[in-house]
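**Student:** What follows is a predicted structure for the sequence shown.
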Amino acid sequence: MAKLYDYWRSSASYRVRIALGLAEIDYETEVVDLRKGAHLEDDYLARNPQGLVPALEVDGGTLTQSLAIIQYLDETLKLGLMPNLPASRARVRAMAYAIAMDIHPVCNLSVVQFAVEQSGGAITNESWMQHFIHKGLSAYEVMIRDGKYSYGDEVTIADICLMPQLYNADRWGVNLDDMPKIQSVRDALESIPAFANAHPDRCNQS
Ligand SMILES: O=C(O)/C=C/C(=O)CC(=O)C(=O)O
């Protein structure tokens, strides 16, 4: 059975939980509690030298980096998370990367907490998150292609990146009222069990 080293509020872990649900893979979970520094302990670093969640034990090996894990599942299980045409694939990747490589690293809590400390009170968690998440999602709103989901009528890796980012947006009070396409995509994705079941509120938190 696959085993996910997971932290419920991590966007990267949340992405992989969605993909595992879409793949209909049975898996067990071990919580790596970032608040307690479990990701920096030797036994976890042996699994993921970056000290980041998630890590996935699957098919006799351990995989890290959420997008790499999702692409592995997509390629081995033919999940259809990428369109067929190269130009469409490039656009879907651009949307996924706009979140996973541009918004997420800047809004990772460890980065934000460092910025807040260094700012001497000028920056708060909320002001930072609201600025960068709103800016990044405003661009994503324009990138959405007509259809039910982020890129047409099939679920793609872009949708898998979007939902955890929206959870973070809610957590930090980001106003999404000027993003009707994102709201509509979110409504459609929430009705898919793999997305609903991956939500942090439904995860093992101990
Ligand atoms: O909420 C926490 O206790 C920590 C969360 C993270 O470090 C992960 C992220 O900030 C993220 O994945 O966005």
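**Tutor:** Sure thing, it's come through. Bear in mind that the values here come from a model prediction, so they are computed numbers and not experimental data.

**Student:** pLDDT score assigned to the residue of the chain most remote from its centre?
**Tutor:** Residue farthest from the centre of the chain, counting by C-alpha atoms, centre = their mean, is Gly120 at 30.0 Å. Listed pLDDT for Gly120 reads 95.

**Student:** Repeat that for Gly152.
**Tutor:** Residue-level pLDDT assigned to Gly152 equals 97.

**Student:** tally of neighbours for it?
**Tutor:** Look at Gly152: counted by other C-beta atoms under 10 Å, it has 16 neighbours. Any C-beta I mention is one placed from the backbone N, CA and C, and that applies to glycine too.

**Student:** neighbours of the closest residue in space to Leu166 that isn't next to it in sequence, just the number please.
**Tutor:** In space, Leu166 comes closest to Arg186 once its chain neighbours are excluded; the distance is 5.6 Å by C-beta to C-beta, 6 or more residues apart in numbering. Neighbourhood size, Arg186 [other C-beta under 10 Å]: 19.

**Student:** I'd say Arg186 and Gln165 touch.
**Tutor:** No: applying C-beta atoms under 8 Å as the test, Arg186 and Gln165 come out as separate, 10.3 Å apart.

**Student:** List the neighbours of stretch 199-206 that are in contact with it.
**Tutor:** Asp6, Trp8, Arg9, Tyr14, Arg17, Thr29, Val31, Tyr167, Ala196 (C-beta atoms under 8 Å, 6 or more residues apart in numbering).

**Student:** Now with 10 Å, please.
**Tutor:** Contacts with stretch 199-206, where a contact means C-beta atoms under 10 Å, 6 or more residues apart in numbering, come from 6-11, 13-14, 17-18, 28-31, 33, 163-164, 167-168, 171, 190, 196-197.

**Student:** Also stretch 29-41?
**Tutor:** Against stretch 29-41 from outside (C-beta under 10 Å, 6+ apart): 2-10, 13, 17, 20, 44-45, 47-48, 50-55, 57, 109-110, 203-206.

**Student:** Now restrict those residues to buried residues only.
**Tutor:** Buried residues within those, counting neighbours by 16 or more other C-beta atoms under 10 Å: 2, 4-10, 13, 17, 20, 44, 47-48, 52-55, 57, 203.

**Student:** Tell me how this protein divides into domains.
**Tutor:** 2-79, 86-195 (automatic domain parsing).

**Student:** could I get those as a markdown table with distance to the ligand?
**Tutor:** Converted to a markdown table, the domains of the chain look like this (distance: least, C-beta to the nearest ligand atom, whole Å):
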| stretch | distance to the ligand |
| --- | --- |
| domain 2-79 | 4 |
| domain 86-195 | 4 |
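
**Student:** For the nearest residue to Asp178 once chain neighbours are set aside, grab the count of nearby residues.
**Tutor:** Spatial nearest neighbour of Asp178, excluding adjacent residues (C-beta to C-beta, 6+ apart): Ser138 at 7.4 Å. Ser138 has 13 neighbours, counted by other C-beta under 10 Å.

**Student:** What residues of the longest helix along the chain count as buried?
**Tutor:** Secondary structure assigned by DSSP state H gives helix 125-143 as the longest helix of the chain. Of the residues in helix 125-143, Trp128, Met129, Gln130, Phe132, Ile133, His134, Gly136, Leu137, Tyr140, Glu141 count as buried by neighbour count, 16+ other C-beta under 10 Å.
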